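Enquirer: Sequence and predicted structure, then a few things I'm wondering about:
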Amino acid sequence: MIDVAIIGHGYWGPNLARCFAAENAAVRWICDVDPARLRAAACMHPQAKLTTSARDVFHDAGTDAVVVVTPLESHYRLGMEALRSGKHLLLEKPLAARSGQAARLCDEAAKRNLVLMVGHTFVYHPAVERIRAIIAAGELGEICYYDAVRINLGLVRQDVDVFWDLAIHDLSIIDRVLPYAPCAVSAHGISHFHGGRINTGYLTLRFAENLIAHVHSNWLAPVKTRRTLIGGSRKMIVLDELEPSEKIKIYDCGVTVADTAENIYKKLYDYRVGDMFAPYVELTEPLRREAAHFLKCIETKAAPTTDGAAGLKLVRILEAAEKSLRAGGRYVELHGS
């Protein structure tokens, strides 16, 4: 049995502690700076040791792995301490606040032969895995566009903006399902609070291929929407994460230029509208799949699907997006992403 420590038991930490316990890991430590949160944790995990100091976790030789679920500014410090103490590491997204920090975490994990995994939870969503398989099989044809909307009312965060909080989910999905890597990013956004972080924003990713991706993120929407459209030359997909059953819908529709020379000259188009098919998607909780994957990687010494390199790639995209924002939304080239 793998002994796991959870550092950070606020909003997301209890969910991870629950999932690791469900996967038969031993939740050995729960660490949080707030004693009230520790009292609540004691009720849910009476066997766990409780502490307000992460050093207790790092100095415990019986702890195999550390899960860091704290504000972004502490990711690098806590992550590096965990690795240097010989612990496998699962860091909640984003991997780090800057790409240089992320790269150093990757190097440290490699040097010590430790598992470094980033909590890009949606990569482990069964619907996302199914979409990846559909695209890899060529069912959509040539991918033309990727359009994602991830909006809701709150939580308005003070440590990161809406790109680092919400858009990163869509960037992780794009990285997982598309066979291409973006070559440039453009960002537009606005803050409606004095001195606050950007709460409404739009990212556009440019690819060397004839493909464009757009991500809309918003903390101030009156409704919660989690919808993605992927358009191909043969078929198109709609992913709705909030649908209780038919999360994926595949549409046999498209637009083609009429095939005769005369019609091409006249720029006439054929519109194909066919059937809709909703494939079966298992209902396994993505966060539990993430926890199980981390444990398996520790046991088998395999590289995680969302390893340090994947986390570094997304941090570089978000850094480029910040640069684009400062430059009025112009495209910023991506190097090494």
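Expert: Ah, there it is.

Enquirer: Flag every buried residue along stretch 56-64.
Expert: Neighbour counts using 16 or more other C-beta atoms under 10 Å place Val57, Phe58, Asp60, Thr63, Asp64 of stretch 56-64 among the buried residues. Where you see a C-beta, it was placed from the backbone N, CA and C, and this is true even at glycine.

Enquirer: Need the max-distance pair from those residues.
Expert: The span of the buried residues of stretch 56-64, defined through C-beta to C-beta, is set by Phe58 and Asp64 at 12.4 Å.

Enquirer: can you pull out the strands in the stretch 151-300 of the chain?
Expert: Secondary structure of the stretch 151-300 of the chain (DSSP state E, counting those that start in this stretch): strands located at 182-190, 200-207, 212-218, 220-232, 236-240, 248-257, 269-277.

Enquirer: on that earlier part again, let me know the closest of the buried residues of stretch 56-64 to Glu209.
Expert: For the buried residues of stretch 56-64, the nearest to Glu209 is Asp64 (42.2 Å; C-beta to C-beta).

Enquirer: So for that closest one, what pLDDT did the model give?
Expert: We note a pLDDT of 98 for Asp64 in this prediction.

Enquirer: on that earlier part again, wait, which of the strands of the stretch 151-300 of the chain is closest to Phe163?
Expert: strand 200-207 (5.5 Å).

Enquirer: Low-confidence ranges, this protein, go.
Expert: Residue ranges of the chain with pLDDT under 70: 255-270, 272, 336-337.

Enquirer: wait, which of the strands of the stretch 151-300 of the chain is closest to Val315?
Expert: Per C-beta to C-beta, nearest to Val315 of the strands of the stretch 151-300 of the chain: strand 182-190, 12.5 Å.

Enquirer: So which of the strands of the stretch 151-300 of the chain is nearest Ala321?
Expert: So among the strands of the stretch 151-300 of the chain, strand 182-190 is nearest, using C-beta to C-beta, at 4.0 Å.

Enquirer: Sheet-wise, list the partners of that closest one with their directions.
Expert: strand 200-207 (antiparallel), strand 332-333 (antiparallel) (DSSP bridges).

Enquirer: Most tightly packed of those?
Expert: Here the criterion is mean neighbour count by mean count of other C-beta atoms under 10 Å, and of the strands paired with strand 182-190 the winner is strand 200-207, at a mean of 20.

Enquirer: roughly how far out does that one sit from the chain middle?
Expert: 16 Å (C-alpha atoms, centre = their mean, to the nearest Å).

Enquirer: Lys49 and Gly86: what is the separation?
Expert: Here Lys49 is placed at a distance of 18 Å from Gly86 (C-beta to C-beta, to the nearest Å).

Enquirer: Report the set of residues contacting both of Phe58 and Asp64.
Expert: Lys87 (C-beta atoms under 8 Å, 6 or more residues apart in numbering).

Enquirer: mind listing the helices for the stretch 51-200 of the chain?
Expert: Along the stretch 51-200 of the chain, the segments classed as helices by DSSP state H, counting those that start in this stretch run 54-58, 75-84, 99-112, 126-136, 162, 168-177.

Enquirer: helices and strands around the first one, which ones?
Expert: With contacts defined as 3 or more C-beta pairs under 8 Å, 6 or more residues apart in numbering; DSSP states H and E, the packing partners of helix 54-58 are strand 3-7, strand 26-31, helix 75-84.

Enquirer: Which among these is found nearest to Lys323?
Expert: Nearest of these to Lys323, taken as C-beta to C-beta: helix 75-84 at 20.2 Å.
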